[in-house]
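In: What follows is a predicted protein model with its sequence.
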Amino acid sequence: MTNSGGHFFVIGETYEDRARSYKVISLEGKQVVFEYADGTLGSGDIEIRARIHQNILAERNLKQTRQAPMASPRRNPHSNKAVFFSHDEVFPVIAHVIENYSKHSDHYMKHGWIVEALIKDPEANLILDRLPKDKSASWWAGDMVAFFSKVFTEGRSDWSSRFERDDIDGNWGYRARQP
């Protein structure tokens, strides 16, 4: 359940258990310390808490999939190519990753960093896990970010009012708009 960069959890981020949402306060050894919205503090084993949160996300994703099944890839009517993920499901996850980064940095989040963050993101993993295995998760995450940038460039992005971007090493970097 831990990612290669450390723990599954990020201090200050919000997660869910079967009771309600909570914010991570600290990570101490194999324990996560958290606080519910009402101020109640709790702690638990990192691996177990991470598994509970991922199960909730998976159940939510399954429920959404049942409402709009995606048994086989859709076809893009303009190119007849298979479509394995939609902008509507992926772009909010990318936006969340950029916003989290922007909470701690005024710098632009580079393309590669967004890809790495998506690979570590539990919600993005639900999407990445269902994609064909002929390409790596890193490739798919890069494809998602490339589509995000393409739509942004075309002026069709719902996110252009929330983010600004800059060309960094031939790729777009993003950050939350500065006040």
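Out: Arrived safely.
In: pLDDT on the longest strand belonging to the chain, on average?
Out: Across the chain, the longest stretch assigned as strand under DSSP state E is strand 21-28. Confidence over strand 21-28 (mean pLDDT, whole number) is 90.
In: ok, residues contacting the helix or strand that it is followed by?
Out: Using DSSP states H and E, the helix or strand that directly follows strand 21-28 along the chain is strand 31-36. Strand 31-36 has contacts (CB atoms under 8 Å, 6 or more residues apart in numbering) with 7, 9, 15, 19-27, 41-46, 49. Backbone N, C-alpha and C define where each C-beta goes, glycine included.
In: Now with 10 Å, please.
Out: 7-9, 11, 14-15, 17, 19-27, 40-50 (CB atoms under 10 Å, 6 or more residues apart in numbering).
In: For it, buried residues please.
Out: Of all the residues in strand 31-36, those buried under the rule 16 or more other CB atoms under 10 Å are 32-34.
In: As CSV, the residues you listed with pLDDT and distance to residue 111 would be great.
Out: Formatted as CSV, the buried residues of strand 31-36 follow (pLDDT from 0 to 100; distance: CB to CB, whole Å):
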residue, pLDDT, distance to residue 111
32, 90, 30
33, 92, 34
34, 92, 32
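In: the helices in the protein, which residues?
Out: For the chain, helices defined by DSSP state H occupy the ranges 46-67, 87-104, 111-120, 122-128, 137-153.
In: Roughly how far does residue 100 sit from residue 59?
Out: 23 Å (CB to CB, to the nearest Å).
In: related to what we said a few turns ago, could you redo the helices of the chain as JSON lines and give each row distance to residue 165 and mean pLDDT?
Out: Output for the helices of the chain, formatted as JSON lines (distance: least, CB to CB, whole Å; pLDDT from 0 to 100):
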{"stretch": "helix 46-67", "distance to residue 165": "28", "mean pLDDT": "73"}
{"stretch": "helix 87-104", "distance to residue 165": "10", "mean pLDDT": "92"}
{"stretch": "helix 111-120", "distance to residue 165": "10", "mean pLDDT": "94"}
{"stretch": "helix 122-128", "distance to residue 165": "20", "mean pLDDT": "89"}
{"stretch": "helix 137-153", "distance to residue 165": "7", "mean pLDDT": "92"}
